[in-house]
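Novice: any chance you can model this:
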Amino acid sequence: MKALEQWRAFRNSPRYEDRKGAVVKKSKNVLMTILQIILIVGIAYVILSPVIGIVTQSFFSDADSANPMVFTIPMNPTIERYTSTITELDYANTLTSTLVYTIVNTLMQVLVCSMVGYGFARFDFPFKKLLFGCVVVMIVVPSHTIMLPLYMTFRSMELMRDPAPVYILTLLGTGLRSGLYIYIFNQFFRGLPKEIEEAAFVDGAGTWYTYFRIMLINAMPAVITVTVFSLVWQYNDVFFAKLFQIPNEMLLSRQLSTLQANIGANLKIMNVRIQKLYVNAGVVLTILPILVIYLILQRRFVEGVERSGIVG
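Specialist: Numbers count the residues shown, from 1 in each chain. Here you go, the predicted model:
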């Protein structure tokens, strides 16, 4: 009876209510954590399951491919797909030319788009709003809508079967996704305090010195963001490559698009299911370089996206 009375007294005390509230709050936090983990794992599975399937199937042997019991993990793994694919893609030479093409375009886009974005953010000039509207149109309008005039223009200049048209478009600020990069730089420069430039001008710095030595250094998060975006999109681009008939041996994305046909013609493999295993190996080899670059720049990339105002 005494213990029951003590329990009743404790239950009616403020201490009991505080402990009860703490237990309820902790239970809610644990439940929310479990739900978040389930949600993250589910989303990650939806996103990564195709990639996991491609990677694992690239190690399938002919027997694994024909075995309906083998779904994800191969029973007789082999690297023969990779050895043959590396030869068919001429991987080392093609990857080198692809990286040169991608890096040159990326450097030009970072330089040109940062200059245009800085001009829109810091200077007043006639038709500024109209021109910035054109930049927004560049983001919204698909490139396919202007493919015919682009093709006719550069064909008349006899620049087909060459990366020169892509370099020209990039240098003029109208390259692949250049409108988005200009917008990113514009948003970032608008967020920087004008006192930085004013202090530089007071010290006698000119416009170009202030831009290159002060503003561009402070805009490094935006530079990293645009660099990653440009590297990925230029590396994976097949639209301009096909439009301007850039040779297959210059770009890995072009080589990959013809890999299945080359496997059938050169290795005399007519089984489509087996051909796709070689294509999966080619996809993995194509993904690896850009994945390494992204992992190196990931931290700065996330910071740049947050500070440039394009989140969501």
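Novice: what does stretch 193-210 rub up against?
Specialist: Stretch 193-210 has contacts (Cβ atoms under 8 Å, 6 or more residues apart in numbering) with Arg122, Arg213, Ile214, Met215, Asn218. (C-beta placed from N, C-alpha, C; glycine too.)
Novice: how many other residues sit next to the third one?
Specialist: Around Ile214 there are 16 other residues, counting by other Cβ atoms under 10 Å.
Novice: quick check: closest non-adjacent residue to it.
Specialist: Spatial nearest neighbour of Ile214, excluding adjacent residues (Cβ to Cβ, 6 or more residues apart in numbering): Ala200 at 5.4 Å.
Novice: ok, then the element right after whichever strand or helix holds that neighbour?
Specialist: Here Ala200 sits within helix 195-202, counting by DSSP states H and E. Next helix or strand after helix 195-202 toward the C-terminus (DSSP H and E): helix 207-210.
Novice: distance-wise, check Gly282 relative to Ile246.
Specialist: Noted for Gly282: a distance of 18 Å to Ile246, by Cβ to Cβ, to the nearest Å.
Novice: so these two - more neighbours on which side?
Specialist: Using other Cβ under 10 Å, the more surrounded residue of Gly282 and Ile246 is Gly282, with 28 against 23.
Novice: that one touches Thr258, doesn't it?
Specialist: No: assessed by Cβ atoms under 8 Å, Gly282 is found out of contact with Thr258, at 10.2 Å.
Novice: what's the nearest residue to Gly179 if we skip its chain neighbours?
Specialist: Met138 (2.9 Å).
Novice: name the helix or strand for that neighbour, please.
Specialist: With elements taken from DSSP H and E, the one containing Met138 is helix 128-140.
Novice: what residues sit buried inside the helix or strand just after that helix?
Specialist: Downstream of helix 128-140, the next assigned helix or strand under DSSP H and E is helix 147-156. With burial defined by 16 or more other Cβ atoms under 10 Å, the residues of helix 147-156 counted as buried are Leu150, Phe154.
Novice: contacts for the next helix or strand after helix 147-156 next, please.
Specialist: Following helix 147-156 in sequence order, the next helix or strand is helix 164-171 (DSSP H and E). Here helix 164-171 makes contact (Cβ under 8 Å, 6+ apart) with 101, 104-105, 108-109, 112, 150, 154, 159, 175-176, 178, 240, 244, 246.
Novice: again, only this time at 6 Å
Specialist: Helix 164-171 has contacts (Cβ atoms under 6 Å, 6 or more residues apart in numbering) with Asn105, Met108, Gln109, Phe154, Leu159, Gly175, Phe240, Phe244.
Novice: quick one on the thing from earlier: how about the CA coordinates for the helix holding Met138, as PDB?
Specialist: Written as PDB, here are the backbone C-alpha positions of helix 128-140 (Å, rounded to 0.1, in the frame of the first residue of the first chain):
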ATOM      1  CA  LYS A 128      20.100  45.300 -69.600                       C
ATOM      2  CA  LYS A 129      16.800  43.700 -68.700                       C
ATOM      3  CA  LEU A 130      16.000  42.700 -72.200                       C
ATOM      4  CA  LEU A 131      19.400  41.100 -72.600                       C
ATOM      5  CA  PHE A 132      19.100  39.200 -69.300                       C
ATOM      6  CA  GLY A 133      15.700  38.000 -70.500                       C
ATOM      7  CA  CYS A 134      17.500  36.600 -73.500                       C
ATOM      8  CA  VAL A 135      19.700  34.700 -71.100                       C
ATOM      9  CA  VAL A 136      16.600  33.300 -69.400                       C
ATOM     10  CA  VAL A 137      15.300  32.200 -72.800                       C
ATOM     11  CA  MET A 138      18.600  30.400 -73.400                       C
ATOM     12  CA  ILE A 139      17.800  28.300 -70.300                       C
ATOM     13  CA  VAL A 140      14.200  27.600 -71.100                       C
END
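Novice: and the contacts of that helix?
Specialist: When contacts are defined by Cβ under 6 Å, 6+ apart, helix 128-140 is touched by residues Phe120, Gly179, Leu180, Ile182.
Novice: for Leu295, state which of these is nearest.
Specialist: Nearest to Leu295, judged by Cβ to Cβ, of those is Leu180 at 22.7 Å.
Novice: I figured Met160 hits Gln245, correct?
Specialist: Yes: contact criterion Cβ atoms under 6 Å: Met160 and Gln245 qualify, at 5.1 Å.
Novice: flag every buried residue along stretch 67-86.
Specialist: Residues Val70, Pro74, Thr78, Arg81, Tyr82, Ser84, Thr85, Ile86 are the ones in stretch 67-86 that count as buried (16+ other Cβ under 10 Å).
Novice: for the helix or strand hosting Ser253, what is the distance to the chain centroid?
Specialist: Assigning secondary structure by DSSP H and E places Ser253 in helix 252-257. Counting by Cα atoms, centre = their mean, to the nearest Å, helix 252-257 is centred 18 Å from the centre of its parent chain.
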